[in-house]
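In: My questions are about this predicted structure, shown below with the sequence.
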Amino acid sequence: MDGNIWIESEGVGKGSTAIFYVKLGFPARLNEFQLPHLRLQSKPGQTGFPGLKVLVIDDNGVSRTATKGLLVHIGCDVTTVSSGEECLRVITKDHKAVFMDVSLPGAESYNLARRVHGKFPKRHEKPLIVALTGNTDKSAKENLLRVGMDAVVVKPVSVEKMRIALSELLEYRKDVHGA
């Protein structure tokens, strides 16, 4: 069914997580994330991102693992963390994108976007920040973009949504910054 299945465990006695995804069809709309300053189109030749260093932050282990699996599927080198403080400790200028669940406790995700960008003074070193949210409200998406997110991907996430978001953001960065 053009998918993958795998099991991950954190050790003996700590349980396991079974993850799978399959290709069941095409949604009515593929471009459910919002980039007001870009026209949305996937690049026909862009199917993967081999070696692209990506950081995933989500306090929910199952969601974190599922997001990682989707990004690994398109070739990304993925690091996962479960908190904002952990993110700030492990992120480097080599991470080109951060996929951040915005339902982190409190307003942590809003402040974290600013702190991540503040950690890298040079524009070309700043990672792209993609908000992951279940909220489809237009004003909520606009607020996420206003606080420093570069894109918003509406959950449930999919390989196609990740691919389109990365294609558009990386192309935009190349066009604007020459990076």
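Out: Cool, got the structure. Numbers count the residues shown, from 1 in each chain.
In: Near Glu142, how many other residues are there?
Out: The number of residues packed around Glu142, counting by other C-beta atoms under 10 Å, is 13. For every residue, glycine as well, the C-beta is placed using N, CA and C.
In: Remind me which helix or strand it belongs to.
Out: Assigned by DSSP states H and E, Glu142 falls within helix 138-146.
In: what do you get for Leu132?
Out: Under the criterion DSSP H and E, the helix or strand holding Leu132 is strand 128-133.
In: pLDDT of the longest helix along the chain, averaged?
Out: If each helix of the chain is counted by residues according to DSSP state H, the longest one is helix 159-177. Averaged over helix 159-177, pLDDT sits at 80.
In: Could you name the helices and strands sitting against that helix?
Out: Counting contacts by 3 or more C-beta pairs under 8 Å, 6 or more residues apart in numbering; DSSP states H and E, the secondary-structure elements packed against helix 159-177 are helix 61-73, strand 97-101, strand 128-133, strand 151-154.
In: Put the alpha carbons of it into PDB.
Out: Taking C-alpha atoms only, helix 159-177 is exported to PDB below (Å, rounded to 0.1, in the frame of the first residue of the first chain):
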ATOM      1  CA  VAL A 159       4.200  13.100   3.800                       C
ATOM      2  CA  GLU A 160       2.800  15.300   1.100                       C
ATOM      3  CA  LYS A 161       2.100  18.200   3.500                       C
ATOM      4  CA  MET A 162       5.700  18.000   4.800                       C
ATOM      5  CA  ARG A 163       7.200  17.700   1.300                       C
ATOM      6  CA  ILE A 164       5.200  20.800   0.000                       C
ATOM      7  CA  ALA A 165       6.100  22.900   3.100                       C
ATOM      8  CA  LEU A 166       9.800  22.100   2.800                       C
ATOM      9  CA  SER A 167       9.800  22.600  -1.000                       C
ATOM     10  CA  GLU A 168       8.100  26.000  -0.700                       C
ATOM     11  CA  LEU A 169      10.100  27.300   2.300                       C
ATOM     12  CA  LEU A 170      13.500  26.200   0.900                       C
ATOM     13  CA  GLU A 171      12.800  27.600  -2.500                       C
ATOM     14  CA  TYR A 172      11.600  30.900  -1.000                       C
ATOM     15  CA  ARG A 173      14.800  31.100   1.200                       C
ATOM     16  CA  LYS A 174      16.900  30.400  -1.900                       C
ATOM     17  CA  ASP A 175      15.100  33.100  -3.900                       C
ATOM     18  CA  VAL A 176      15.100  35.700  -1.200                       C
ATOM     19  CA  HIS A 177      18.400  35.100   0.600                       C
END
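In: Fine by me, we can end here.
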